[in-house]
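A.B. asks: no letters, just coordinates:
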Ligand SMILES: NC(=O)C1=CN([C@@H]2O[C@H](COP(=O)(O)OP(=O)(O)OC[C@H]3O[C@@H](n4cnc5c(N)ncnc54)[C@H](O)[C@@H]3O)[C@@H](O)[C@H]2O)[C@@H](O)CC1
Ligand SMILES: [K+]
């Protein structure tokens, strides 16, 4: 059993891939072996989370996810715990594995009840796993609301019930963690699923653990992966500012110069050799707190030797500069208003596609609304399947895409998408996106391929927030690397 952290490197399998692996594994094992392993793993984690629990409520559903819960109940009872099972199954329709565990739970003397106990020290959600076919309703929904509204920890078996394991879409609203709510844990069985790590999945699952049930994962193709922490990239003694490239931040229309200056500051502190602030507001004053930044007229820059970071605070004025950026920049990060301009203008879309065909390194950094505009769909459609939205954008424009949000997805043409696990809700504040664009620009300018540049910048950006002291997180301090 392994705990998943932002540094974990692991393949993620969708429901179809997980089903394939389950079938391959089951074919070589004695009947009921997988469920016994699953139930024992659930029991072990439950006992580690709440070693002194007097009452453990195990809510079991009608299928094999419920079977895992029943098996865990049997295992905990044999170890001196007092689980109380509420089971929503029908004895006439229970699948064979779950039936075997039901009998083992009964034989072990597990208490069965019609309704949840009055109070509990740990709740185990074994209602629905990867077989969920609709939103929980009725008694099941009521139980989920009760366990997630209580202060006792919740351990979800395989996936939080009602969470789409492929997409991270949650079918049932529940109390957000943090509102007087206790910890959430999820023990993913056999495989890790992408939905645990993006969209609503991270909040719903809480701390994720994996037990692979001693099975190989070679018989299926992963849908995505966790790429873990970037390598350390120490600077060579002999390097100089030319080794780390030039970044030109093009943005900052009147009234929005701050966004471009944040991106420029982030690029500077992330290590770019030289950073030019090419502001669209010709009257903006130089940021005297950052004398290293060089203020330039955007028209004067030779972008063919530079990394352009275009769009931060760009307003409508960025549109006129985009043909030059897209056609000539050696490397480019396209953010914010530059993305909005491209979404509205087929000619710019053609230029971006052409850039992709020429193999010029390009990273798009949309948040869900910007991605929705580029794909000409609603934001909810993007959030309903973030992996596929990011991949479609990457394929369409021949670019690397970092689709921001909880569980940022990084996609590239012809590559398996990655999900980043650093970062937290403190990043949901003004200017943090500009900082990310600058950090990606710096990584690109330093010579990293676009996919690595995007992934490493996203990781560091989130990692800074994860290690932020107990002071407010501001974008300007984030741009300075927390200093
Ligand atoms: N068969 C095995 O040996 C193993 C099974 N495993 C477990 O089995 C799970 C998959 O089992 P299943 O395929 O039986 O699927 P589930 O147990 O996830 O759910 C399917 C059952 O729930 C019902 N259902 C679906 N949505 C519902 C809803 N909204 N409200 C009420 N009922 C609903 C279905 O009609 C069906 O009876 C995995 O998630 C995992 O927990 C794993 O432990 C691996 C081993
Ligand atoms: K579950």
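C.D. replies: Looks like it arrived, so ask away. The structure displayed is predicted, hence computed values, not measured ones. Numbers count the residues shown, from 1 in each chain. Ligands and ions are numbered 1, 2, ... in the order given.

A.B. asks: what sits against residue 230?
C.D. replies: Shown here is residue 230, whose contacts under the criterion C-beta atoms under 8 Å, 6 or more residues apart in numbering are 452, 455, 456, 459, 460. C-betas here are computed from N, CA, C, even on glycine.

A.B. asks: can we see that at 7 Å?
C.D. replies: Residue 230 is in contact with 455, 456, 459, counting by C-beta atoms under 7 Å, 6 or more residues apart in numbering.

A.B. asks: residue 454 now?
C.D. replies: When contacts are counted by C-beta under 7 Å, 6+ apart, residue 454 touches 363, 400, 402, 410, 440.

A.B. asks: Three-state assignment for the fourth one, please.
C.D. replies: Of the three states, residue 410 takes strand under DSSP: H, G, I helix; E, B strand; the rest coil.

A.B. asks: beta-bridge partners for it, please?
C.D. replies: When assigned by DSSP bridges, residue 410 has beta-bridge partners residue 402, residue 418.

A.B. asks: looks like it contacts residue 421 (just checking).
C.D. replies: No - between residue 410 and residue 421 there is no contact, the gap being 11.6 Å when judged by C-beta atoms under 7 Å.

A.B. asks: the two - which one has more neighbours?
C.D. replies: residue 410 (28 against 24; other C-beta atoms under 10 Å).

A.B. asks: OK, contacts around that one?
C.D. replies: Residues in contact with residue 410 (C-beta under 7 Å, 6+ apart) are 400, 402, 417, 418, 420, 454, 455, 458.

A.B. asks: please parse the protein into its domains.
C.D. replies: Domain ranges of the chain: 2-224, 241-479, per automatic domain parsing.

A.B. asks: those domains: which one's closest to ligand 1?
C.D. replies: domain 2-224 (1.9 Å; C-beta to the nearest ligand atom).

A.B. asks: can you classify the residue in the stretch 351-483 of the chain that ligand 2 sits nearest to by secondary structure?
C.D. replies: The stretch 351-483 of the chain approaches ligand 2 most closely through residue 407 (19.1 Å), counting by C-beta to the ion. State at residue 407, reduced to three classes by three-state DSSP: coil.

A.B. asks: counting neighbours, what do you get for the closest residue to it other than its chain neighbours?
C.D. replies: Nearest non-adjacent residue to residue 407, counting by C-beta to C-beta, 6 or more residues apart in numbering: residue 198, 3.0 Å away. Residues lying near residue 198 (other C-beta under 10 Å) number 28.

A.B. asks: again with residue 103
C.D. replies: Residue 103: 12 neighbours (other C-beta under 10 Å).

A.B. asks: and the helix or strand that contains it, which residues are buried?
C.D. replies: Using DSSP states H and E, residue 103 maps to helix 96-108. Neighbour counts over helix 96-108 (16 or more other C-beta atoms under 10 Å) mark 97, 98, 99, 100, 101, 102, 104, 105, 108 as buried.

A.B. asks: going by distance to residue 65, which of those residues wins?
C.D. replies: residue 98 (8.5 Å; C-beta to C-beta).

A.B. asks: contacts only, for the closest one.
C.D. replies: 63, 64, 66, 67, 70, 89.

A.B. asks: spatially, what comes nearest to it if we skip its sequence neighbours?
C.D. replies: In space, residue 98 is closest to residue 67, 3.0 Å off (C-beta to C-beta, 6+ apart).

A.B. asks: now do that neighbour, the pLDDT please.
C.D. replies: Note on residue 67: pLDDT of 98.

A.B. asks: now do the same contact list for it.
C.D. replies: Residues counted as contacts of residue 67 (C-beta under 7 Å, 6+ apart) are 35, 95, 97, 98, 101.

A.B. asks: next, it: phi, psi?
C.D. replies: Residue 67 adopts backbone torsions of phi -60, psi -40, taken as degrees, to the nearest 10.

A.B. asks: same question, residue 157
C.D. replies: Dihedral pair for residue 157: phi -90, psi 120, per degrees, to the nearest 10.

A.B. asks: pull the number of nearby residues for the spatially closest residue to it that is not a sequence neighbour.
C.D. replies: Distance criterion C-beta to C-beta, 6+ apart; nearest residue to residue 157, sequence neighbours excluded, is residue 126 at 4.3 Å. The number of residues packed near residue 126 is 31, by other C-beta under 10 Å.

A.B. asks: so residue 126 is in contact with residue 57, correct?
C.D. replies: No - applying C-beta under 7 Å as the test, residue 126 and residue 57 come out as separate, 10.6 Å apart.
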